[in-house]
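Peer 1: Need coordinates for the below:
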Amino acid sequence: MHLLILKPFQKPTLFSLYVLLVIVLLLLWWNFTNIEIMFWNYGNFHTYADIIFSMIIVFCFPLFLIGITYKWLLFWVRETIGWKNGIGASGGIIWTIISGASCCGSTLAIYFGLIPLMTLLPYDGLEIKLFAVIWLLWANYDLYKYLEVCRIKK
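Peer 2: From the prediction side, this is the model:
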């Protein structure tokens with residue numbers, strides 16, 4: 001599996017797209033996250049955990065998108081793309097956005113009705129980001145484990 005993770009990067013366009021996506025996500029995170037205020041409001045543990053989770057998302061979400069694109073280019077047949085793929089991709093994007101930054105993630109959490117859940121959690125929603133990171137890591141593992149295998153049942 002570890003060699004399959006390098007397979008999409010053999011295509012220069014996918015490698016360039018990965019670098020571009022990482023840069024865009026890093027810039028978005030940097031511009032919308034005030035680390036000084038986070039240290040002041042949340043303390044060291046919460047802020048460092050948030051930064052670590054954010055960096056995992058910044059580097060792993062583009063990896064997921066590149067893997068999906070590589071698989072799509074490899075197996076693209078219109079009949080095999082179902083509504084489940086669209087729902088899975090949209091769900092992943094929504095969770096990544098919600099858990100991406102503390103500032104805009106809270107705003108988006110309001111629209112999805114997650115504020116009552118976030119107020120009940122002892123770490124102010126950091127658990128949601130942890131859940132999103134675990135989900136993203138599992139999705140990457142599963143995607144790259146079967147990167148060149150078409151698992152759609154006929």
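
Peer 1: low-confidence ranges in the protein?
Peer 2: Scanning the chain with the threshold set as pLDDT under 70 gives 1-2, 77-115, 117-118, 151-154.

Peer 1: Check this structure for its longest helix and report it.
Peer 2: Secondary structure of the chain read by DSSP state H shows that its longest helix is helix 44-75.

Peer 1: Report all helices and strands that that one contacts.
Peer 2: Helix 44-75 is packed against helix 12-32, helix 35-42, helix 83-100, helix 126-145, with contacts defined by 3 or more C-beta pairs under 8 Å, 6 or more residues apart in numbering; DSSP states H and E. Glycine gets a C-beta too; all of them are placed from N, C-alpha and C.

Peer 1: how about a cut-off of 6 Å?
Peer 2: Contact here means 3 or more C-beta pairs under 6 Å, 6 or more residues apart in numbering; DSSP states H and E; on that basis helix 44-75 packs against helix 12-32, helix 83-100, helix 126-145.

Peer 1: Now E148: closest residue in space that isn't a chain neighbour?
Peer 2: L74 (6.6 Å; C-beta to C-beta, 6 or more residues apart in numbering).

Peer 1: burial measure for the one you found, as a count.
Peer 2: 13 (other C-beta atoms under 10 Å).

Peer 1: From V133, how far out is it?
Peer 2: Separation of L74 from V133 (C-beta to C-beta, to the nearest Å): 27 Å.

Peer 1: Over to D124?
Peer 2: 16 Å.

Peer 1: Show me which of these two is the more surrounded one.
Peer 2: With neighbours defined as other C-beta under 10 Å, D124 and V133 compare such that V133 has more, 21 against 15.

Peer 1: OK, contacts around N31?
Peer 2: For N31, no contacting residues are found, by C-beta atoms under 6 Å, 6 or more residues apart in numbering.

Peer 1: can you check N140 too?
Peer 2: Applying C-beta under 6 Å, 6+ apart, the residues near N140 are 60, 63-64.

Peer 1: Need these in JSON lines (columns: distance to S54 and neighbour count).
Peer 2: Formatted as JSON lines, these follow (distance: C-beta to C-beta, whole Å; neighbours: other C-beta atoms under 10 Å):
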{"residue": "C60", "distance to S54": "11", "neighbour count": "17"}
{"residue": "L63", "distance to S54": "15", "neighbour count": "20"}
{"residue": "F64", "distance to S54": "15", "neighbour count": "19"}
